[in-house]
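>>> Everything below, folded, please.
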Amino acid sequence: MEEVVSVSKNDETQLQENVDFEVEEDWSNIMTLENFGYASHETTKFDLGGNQSLDLLCISEKKLSPLDISASLSEENDNDASCHMVWLGARFFADVICRPIPANCNPEVRAKLKNIRTRAFQGGKRVLELGAGTGLAGLAVMKVYCSTECSSRGESYKGESFVSEPSNIVITDSDSDSLDLCRRNFHHNFDESLSQRFSASLLLWGDDSFWYTKEEQNNLETYEAHSFDTVFGTDVIYQLDVLPMFMKTAAQALSPKGMLILSHVPRFSTSEETEAKIIAEAKFVGLILDETVRPDQVCSSINLDLLLEEGAVLMVFTSNKFTTM
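Numbering: from 1, shown residues only. Here you go, the predicted model:
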């Protein structure tokens, strides 16, 4: 026969006083009925300066539900909302690479920024993005360097002349839903005249089957190795263990003397430690650090204190794998 234990009111009060309750996370401010499902996409305008902007479908960080947060922490993250959000690194890239350089910019910084832009995106370059997410960075490049409002008419973009725009831009991601979102965002911002110069492809970093050599048969699902003049990624080194595969893929894609641009925000250690690891891994695959751009060197649409606090940096690497000493 079970023994029934009774607790008096005084005992119950004493127990409650002795228990040290620790609240790990307080979601009370977002636990509303509308947040019990996955967050939905909303159209957000991103200003690129010079009367240029992009309207992107994306998920706001402020609208994430508990279900979204749980999915992002799961290994089986088929509904991971992080691929559908715009991260700080993508916004910093757009500011450095796409926004007009202000007239009062330091002459040395102006020369550096113009040199990076010219080498990376002018003269019929073939361009590849790794880890596109919502497509902000890649579509910003298309908007500023390829659209009829700017380069196609041979006009200058707030004083910056475009000799020749990129020949084509390929954006890639490992998430098929993210690529679908990128395609939707492309069609939302561009007319069909640019569709032949834009493509979105599924790519797992380190996957050798994505590339073919000149001796092999090409097909629509692969790209020629070492055929891209410029490769870029934004806020993609979110864990240290993805760094080797990212650098391997960038090296596989880049042509001799090609350029890698990495817009990075540290996620797992201090900015100095992270940058040292990135530089070392890049050197291992034949990529040498050429330039760095810090937030206080550019005119940004983002709060400068936030960029500095987060340790944002844009790093430019040049391929020297095929050069002879």
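
>>> Please, which helix or strand holds K45?
In this structure, K45 sits in strand 42-49 according to DSSP states H and E.

>>> so where's the chain shaky on pLDDT?
1-39, 61-82, 147-165, 213-221, 321-325 (pLDDT under 70).

>>> Go through it and flag its longest strand.
strand 254-264 (DSSP state E).

>>> could you point out which element follows that one?
helix 271-284.

>>> Which strand residues bridge the most centrally placed residue in the chain?
For the chain, the residue nearest the mean C-alpha position is T234 (2.9 Å; C-alpha atoms, centre = their mean). Assessed by DSSP bridges, T234 has beta-bridge partners S263.

>>> Does it touch L139 like I think?
No - using C-beta atoms under 8 Å, T234 is not in contact with L139; the gap is 11.9 Å. Any C-beta I mention is one placed from the backbone N, CA and C, and that applies to glycine too.

>>> What segments of the stretch 101-250 of the chain are helices?
Using DSSP state H, counting those that start in this stretch, the helices of the stretch 101-250 of the chain run over 107-121, 136-145, 176-189, 243-253.

>>> Taking helix 136-145 as reference, get the angle to the third one.
By that I understand helix 176-189. 20 degrees (axes from the mean of the first three to the mean of the last three C-alpha atoms, to 10 degrees).

>>> Flag every buried residue along helix 176-189.
Under the neighbour-count criterion of 16 or more other C-beta atoms under 10 Å, helix 176-189 has S178, L179, L181, C182, R183, N185, F186, N189 buried.

>>> For the closest residue to A251 other than its chain neighbours, which residues are in contact?
Closest residue to A251 apart from its sequence neighbours, by C-beta to C-beta, 6 or more residues apart in numbering: V285 at 3.9 Å. V285 sits next to M247, K248, A250, A251, K321 when contact means C-beta atoms under 8 Å, 6 or more residues apart in numbering.

>>> and which of these is nearest L262?
A250 (8.5 Å; C-beta to C-beta).

>>> need the contact list for that closest one.
Per C-beta under 8 Å, 6+ apart, neighbours of A250: L130, V231, G233, L260, V285, L287.

>>> Quick check: the gap between it and D235.
Distance, A250 to D235, by C-beta to C-beta, to the nearest Å: 15 Å.

>>> do I279 as well
Counting by C-beta to C-beta, the gap from I279 to D235 is 18 Å.

>>> More neighbours: which of the two?
Using other C-beta atoms under 10 Å, the more surrounded residue of I279 and D235 is D235, with 23 against 16.

>>> if we can go back for a sec, touching the strand holding K45 from outside, list them.
53-60, 63, 86, 91, 94, 98-100, 136, 140, 143-144, 158, 188, 301.

>>> Give me the next element, helix or strand, following it.
strand 52-58.

>>> Each with direction, which strands does that following strand pair with?
strand 42-49 (antiparallel).

>>> buried stuff in the strand it pairs with?
So for strand 42-49, counting by 16+ other C-beta under 10 Å, buried means F46, L48, G49.

>>> what number of residues lie near the nearest residue in space to D207 that is not next to it in sequence?
Excluding the flanking residues, the one nearest D207 by C-beta to C-beta, 6+ apart is T249, at 7.8 Å. T249: 25 surrounding residues under other C-beta under 10 Å.

>>> what's the answer for L204, then?
For L204, using other C-beta under 10 Å, the count is 12.

>>> And the closest residue to S178 other than its chain neighbours, how far from L179?
When the adjacent residues along the chain are set aside, S178 lies closest to C83, with 4.1 Å between them (C-beta to C-beta, 6+ apart). Noted for C83: a distance of 9 Å to L179, by C-beta to C-beta.

>>> okay, and the common contacts of these two?
Common neighbours of C83 and L179 (C-beta under 8 Å, 6+ apart) are D173.

>>> Dig out what G49 forms beta bridges with.
Q52.

>>> name the helices or strands packed onto whichever helix or strand R91 is part of?
Using DSSP H and E, R91 falls within helix 88-97. With contacts defined as 3 or more C-beta pairs under 8 Å, 6 or more residues apart in numbering; DSSP states H and E, helix 88-97 has these neighbours: strand 42-49, helix 107-121, helix 136-145, strand 228-234, strand 254-264, helix 304-310, strand 313-319.

>>> switch to 6 Å and redo it
Judged by 3 or more C-beta pairs under 6 Å, 6 or more residues apart in numbering; DSSP states H and E, the packing partners of helix 88-97 are helix 136-145, strand 228-234, strand 254-264.

>>> would you list the contacts of A250 in TSV and tack on distance to V109?
Shown next, in TSV, are the contacts of A250 (distance: C-beta to C-beta, whole Å):
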residue	distance to V109
L130	26
V231	24
G233	23
L260	21
V285	29
L287	23
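
>>> about what we covered before: the longest strand of the chain: which residues count as buried?
L254, S255, G258, M259, L260, I261, L262, S263, H264.

>>> Pull the residues that contact stretch 231-248.
87, 89-90, 93, 128-131, 137, 205-206, 250, 253-254, 260-265, 267-268, 281-282, 285 (C-beta atoms under 6 Å, 6 or more residues apart in numbering).
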